[in-house]
Each structure stands twice: as C-alpha cells, then as structure tokens.
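[1] okay, here's the prediction I keep looking at, along with the sequence it came from:
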Amino acid sequence: MRLFFAVLAAFVSFASLAGASNVDPVQQHNSNAVWFENWVGLQNATLTVAAPNGKLTSVFAKSGTPVYELERGQALDGVYRYELSASTDEKEEIVNAVNNGRDSVATSQNKPFHMSGSFVVSRGVIITPEEIKEE
C-alpha cells in the first residue's frame with residue numbers, strides 16, 4: 001500500500017512539473033478590481049474589458065497580471081465581459097516565415113494564450129453572484 005502511495009505521489013509531482021507549461025490563470029476580484037492568479041509563464045498581457053454600455057478599456061502588463069479597476073463613482077451596474085490575451089514561454093514554429101528586410105528571418109515565436117470571461121457589478125462594486133440551486 002505504501003508503494004502505491006509513493007508511486008502515486010511521484011506521478012502527481014511529475015504531472016505537475018510536466019504540466020507547468022500549461023497556463024491556467026484564475027480570475028480573482030475584490031470590490032473594485034479584477035486580476036488573475038496562477039500567472040506562471042505569461043507575459044505581454046492585454047486585458048480588454050467591455051462595460052455594460054459598450055465602453056472598452058484595455059490594460060497592458062509587460063510582466064505580471066493586468067489589473068482592471070472600476071472608475072470610482074462611474075461604475076455601471078451589470079455584466080462586464082473581458083478578453084485576456086498574452087504570450088506564453090512556449091515556442092512554436094512559424095510555418096510561413098516572412099522576410100521583413102531584417103538580417104535574419106524568425107523561425108519561431110512565443111505561443112499565444114487567450115481567455116475570456118465576465119464579472120458582475122452591483123451597486124458600484126464587483127460581486128460574486130449567488131449560485132442558483134434547483135431542488
């Protein structure tokens with residue numbers, strides 16, 4: 001039985017190391033800001049947020065998570081939608097390389113990452129909507 005748990009622990013450790021290149025940011029918020037945790041391996045990120053009235057706001061972060069903050073006294077109640085784009089540490093081959101007149105032609109680039117989601121503002125603050133459970 002101990003051997004089983006030792007093998008299982010070793011497998012889980014290996015799987016977590018092997019999956020370290022898999023990016024899986026987790027949306028977090030407080031009453032007036034949205035950001036992401038588990039930000040390993042991402043850079044050059046842009047967070048674009050669409051307010052309920054259609055106003056778009058973009059936040060760029062060269063390293064670390066971009067943070068969107070509500071404008072004090074200006075926040076509209078409703079659903080805000082966002083798109084997050086960044087580049088990962090992983091490289092991928094450029095299939096159709098373009099000669100842009102520079103000395104060397106790039107043959108690889110950082111793999112892109114995209115994610116979308118939403119959050120809700122009520123009474124001027126970001127809230128966690130209650131889960132509706134059917135009985």
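    Sure thing, it's come through. Numbers count the residues shown, from 1 in each chain.

[2] report the separation between residue 119 and residue 96.
    38 Å (C-beta to C-beta, to the nearest Å). No exception for glycine: its C-beta is placed from N, CA and C like everyone else's.

[3] the helices in this structure, which residues?
    Applying DSSP state H to the chain gives helices spanning 2-18.

[4] pretty sure residue 114 is touching residue 82, no?
    No. Here residue 114 lies out of contact with residue 82, judged by C-beta atoms under 8 Å, at a distance of 11.3 Å.

[5] the more surrounded of those two?
    Legend: neighbour count by other C-beta atoms under 10 Å for residue 114 and residue 82, higher for residue 82 (19 against 8).

[6] what number of residues lie near the closest residue to the more buried one other than its chain neighbours?
    Take residue 82 and drop its neighbours on the chain: the residue closest to it by C-beta to C-beta, 6 or more residues apart in numbering is residue 49, 4.7 Å away. Look at residue 49: counted by other C-beta under 10 Å, it has 21 neighbours.
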